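Undergrad: Please find the sequence and the predicted model below.
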Amino acid sequence: MIGAAAMLHGPLRVAAVIAMLLIGPARAEVTNRIVATIDGEPITGHELRQWQQEQADQGQEVPPDQALEALITQKLLEKEIKAQGISARDEDIERAKRADGVVLGPMSVREYPAPEKGGINVPAAFRTRLELYANIRPSYVRAGLKAVAKKMDLVMVRENLEDFYVDRNMYQGLGEFKPTAELVIAMGKITAGGSRRIARVACEIARRRRRKKLTIVHKNPVLKMYHTLFLEEARKVAREYPELEVEDLLVDAVTALLIRTPERFDVILTTNMFGDILSDEAAELSGGLGLAASLNRGDRSAVANAGHGSAPDIAGRGIANPASLMLSTAMLFEHLGATRKDRRMLEAAAAFTRVVDARLGSAKTRTRDLGGKMSTQAFARAVAKAVLAEK
């Protein structure tokens with residue numbers, strides 16, 4: 001079965017392994033290079049444990065590969081926070097920095113204990129300490145899968161470390177405080193440098209796409225200095241890309257236009273909070289948050305992270321949809337392939353995405369949440385098998 005992967009043998013094999021791992025927790029050394037650490041949420045734990053037992057019963061081992069080190073990190077349960085005292089240890093962050101890529105599972109951070117009791121927001125900690133300033137969220141309509149939008153194929157590029165996200169926009173401390181019992185002040189932050197670097201990411205993505213159109217989203221009539229700085233710096237960078245069609249729109253207009261005429265958008269560049277909201281809207285319009293792929297990247301590190309939260313209420317029932325995390329991992333493959341000029345990784349990323357989308361497009365091979373008949377495990381096996389068959 002492995003041999004069928006031919007020239008894409010290495011990266012495709014990694015994709016197949018990850019396709020199975022993404023349905024489970026990950027407190028196990030899976031290979032010498034594909035590393036899985038920190039137990040996962042209950043939504044996934046039952047499924048992987050069963051798969052691991054099946055592999056052992058069949059005398060099979062997860063095939064090793066040197067192409068990618070993936071650090072698969074999931075939410076720590078309350079007992080584990082108590083056991084090690086914190087939800088994101090320094091050693092986990094350092095290990096992530098050494099890895100080529102990170103896959104971060106869905107988390108219920110609202111259920112964490114207070115930060116002073118060890119409940120650190122893990123996604124935020126990874127983003128700040130790995131300097132993942134760009135969040136990239138594609139949304140597109142898939143053939144054969146029902147969606148609110150008739151036509152949509154866009155990429156949302158969201159600044160990831162600034163704006164009003166007070167748990168990550170300060171060098172030290174939080175960007176909010178409570179001077180009196182009835183007053184809370186929250187501080188936003190936008191910098192010229194931060195605006196320029198996220199604008200460059202958006203422009204590079206736009207120049208590689210067929211339409212080559214960039215939409216900058218803001219609210220500068222109200223936040224006059226704040227969003228004008230973002231807009232001006234983004235336009236400065238965009239002028240370096242004369243092949244792009246560039247426009248800017250107010251955020252309230254974009255929320256309506258995504259519903260009315262989503263096909264008008266190609267690449268959307270915006271601030272942290274607006275991007276968080278708009279990317280969820282676009283994902284829902286294109287098929288649902290369960291399909292929302294997401295990549296957080298900086299200059300040195302990249303983290304694949306599903307665009308949705310966790311669902312412990314359906315743990316162990318085999319009805320969870322792993323497509324979002326699979327597609328996010330494919331984005332990570334694509335990023336590594338592009339930055340390293342590795343054609344095999346680029347082709348593996350395309351194969352991973354193509355296989356997942358093809359199975360989502362058929363009622364026979366979808367998960368049950370989308371009207372299909374497949375369990376979480378069956379979907380993952382089908383994806384892994386099809387990925388390995390790619391040539």
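TA: Sure thing, it's come through. In this text the structure is predicted, and so the values were computed from the model without any measurement.
Undergrad: Please count neighbours and contacts with C-alpha atoms only from this point.
TA: Noted.
Undergrad: So what are the structural domains in this structure, by residue number?
TA: For the chain, automatic domain parsing gives the domain ranges 1-138+293-391, 148-285.
Undergrad: looking at those, which has the lowest confidence?
TA: Sorting those by mean pLDDT places domain 1-138+293-391 lowest, at a mean of 68.
Undergrad: contacting residues for the residue nearest the centre of the chain?
TA: Using C-alpha atoms, centre = their mean, the residue of the chain that lies closest to the mean C-alpha position is Ser294, 2.4 Å off. Ser294 makes contact with Asn135, Ile136, Arg137, Pro138, Ala304, Asn305, Ala306, Gly307, Ser324, Leu327, Ser328, Met331, according to C-alpha atoms under 8 Å, 6 or more residues apart in numbering.
Undergrad: next one: Ala134
TA: Ala134 neighbours (C-alpha under 8 Å, 6+ apart): Val157, Arg158, Glu159, Asn160, Ile198, Val201, Asn296, Arg297, Gly298.
Undergrad: hmm, 7 Å instead?
TA: Residues near Ala134 by C-alpha atoms under 7 Å, 6 or more residues apart in numbering: Val157, Arg158, Glu159, Asn160, Ile198, Asn296, Arg297, Gly298.
Undergrad: quick one: which of the residues you listed sit in helices?
TA: Among the contacts of Ala134, the ones falling in helices (DSSP state H) are Ile198.
Undergrad: the helices in the protein, which residues?
TA: Assigned by DSSP H, the chain shows helices spanning 9-21, 42-57, 78-84, 90-98, 122-129, 192-208, 224-238, 251-260, 272-285, 323-339, 343-360, 376-389.
Undergrad: How about residues contacting the longest one?
TA: So the one you mean is helix 343-360. In contact with helix 343-360 (C-alpha under 7 Å, 6+ apart) are residues 8, 11-12, 15, 142, 145, 323, 327, 330-331, 333-334, 336-338, 365-366, 383, 386-387, 390.
Undergrad: Would you show me how to pick out the buried ones of the residues you listed in PyMOL?
TA: Buried members of the contacts of helix 343-360, defined by 16 or more other C-alpha atoms under 10 Å, are picked up in PyMOL with:
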select buried, resi 8+11+12+15+142+145+323+327+330+331+333+334+336+337+365+366+383+386+387+390
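Undergrad: What's the end-to-end length of stretch 364-373?
TA: Its first and final residues considered, stretch 364-373 spans 6 Å by C-alpha to C-alpha, to the nearest Å.
Undergrad: now stretch 139-150
TA: Start-to-end span of stretch 139-150 (C-alpha to C-alpha) is 12 Å.
Undergrad: buried residues in it?
TA: Ser139, Tyr140, Val141, Arg142, Leu145, Lys146, Ala147, Ala149.
Undergrad: Can you name the residues that contact the fourth one?
TA: Yep, that's Arg142 we're talking about. Neighbouring residues of Arg142 by C-alpha under 7 Å, 6+ apart: Asp357, Gly361.
Undergrad: Just list the residues touching Val184, thanks.
TA: If a contact means C-alpha under 7 Å, 6+ apart, then Val184 has Phe177, Lys178 as its contacts.
Undergrad: So it versus Glu176, what's the distance?
TA: To Glu176, Val184 is 7 Å away according to C-alpha to C-alpha.
Undergrad: Also Ile216?
TA: From Ile216 to Glu176 the distance is 27 Å (C-alpha to C-alpha).
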